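Asks: sequence and predicted structure, then a few things I'm wondering about:
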Amino acid sequence: MRKTTFILTTAALAFALPALAENQPGAHFIEMWDLDENGSVSIEEARERRGDIFTTFDADDDGVLSAEDYVMFDEAREADMKEHGIGKGQGQGKGQGQGKGKGQGKGHGQGKGKGMGQGMGEHSAAMSMTRENADLDGDGQVTREEFLAGVDIWFPKQDRNGDGVISKEDFGRM
């Protein structure tokens, strides 16, 4: 029971999805992942936060996120997206509907895709944590090492201006 409460509480605090919070792209991400509250997220902060997320959803504490663990993780991620107005399809990349691409709304930007809210960027922290992206060896399970290694893949792509940190300047149009 205590772990379930911790999971639900942490899920509300830990997700990092580039969002439009009061028309400021990335505000939700910065709020949740900027551990030292200096307005930017370092790679060390990203590793620490991602480790916290792994610990939260590793229900049996075996060092592996199984398919069952991912069910809870996906539900919490979906609830966070809904709460923060992050939806499918408003994007120029891979938005569904009238966007300038195709797919399931993984684009970013201001397209006219079907759905509500800001789309999840294809290089976003949230997308990098999906089971299909985090399972680096393709064995159907995500180890802590795989989950943390995802930071080194995702972080440089999100750091769009190449200054070594992720800040509000790395979101929105460039």
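Replies: Alright, I've got the coordinates.

Asks: ok, Glu45 to Leu65 distance?
Replies: 21 Å (Cβ to Cβ, to the nearest Å). C-beta here means a position set from N, CA and C on the backbone, and glycine is covered the same way.

Asks: cool, and Asp163?
Replies: 31 Å.

Asks: the more surrounded of these two?
Replies: Leu65 (25 against 11; other Cβ atoms under 10 Å).

Asks: what's the first helix or strand after the lowest-mean-pLDDT helix or strand in the chain?
Replies: Scoring the helices and strands of the chain by mean pLDDT, DSSP states H and E places strand 20-21 at the bottom, with a mean of 38. Sequence-wise, the next helix or strand downstream of strand 20-21 (DSSP states H and E) is strand 24-25.

Asks: low-confidence regions, this protein specifically.
Replies: 1-23, 86-123, 173-174 (pLDDT under 70).

Asks: need the strands for it, in chain order.
Replies: 20-21, 24-25, 40-41, 64-65, 142-143, 166-167 (DSSP state E).

Asks: reformat those strands as JSON lines; add distance to Phe73.
Replies: Below are the strands of the chain laid out as JSON lines (distance: least, Cβ to Cβ, whole Å):
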{"stretch": "strand 20-21", "distance to Phe73": "22"}
{"stretch": "strand 24-25", "distance to Phe73": "24"}
{"stretch": "strand 40-41", "distance to Phe73": "21"}
{"stretch": "strand 64-65", "distance to Phe73": "7"}
{"stretch": "strand 142-143", "distance to Phe73": "10"}
{"stretch": "strand 166-167", "distance to Phe73": "22"}
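
Asks: of the ones you listed, which is nearest Gln158?
Replies: When these are compared by Cβ to Cβ, strand 166-167 sits nearest Gln158, at 5.3 Å.

Asks: the closest one pairs with which strands, and in what direction?
Replies: strand 40-41 (antiparallel) (DSSP bridges).

Asks: which residues sit against the strand it pairs with?
Replies: 29-30, 33-35, 165-167 (Cβ atoms under 8 Å, 6 or more residues apart in numbering).

Asks: so which of those belong to helices?
Replies: 29-30, 33 (DSSP state H).

Asks: was I right about Glu146 contacting Leu136?
Replies: Yes: with contact defined as Cβ atoms under 8 Å, Glu146 reaches Leu136; the gap is 4.6 Å.

Asks: okay, the two: which has more neighbours?
Replies: Glu146 (18 against 14).

Asks: which ones are touching that one?
Replies: 134-137.

Asks: tell me which of those residues is nearest to Gly172?
Replies: Nearest to Gly172 among the contacts of Glu146, with distances taken as Cβ to Cβ, is Ala134, at 25.9 Å.
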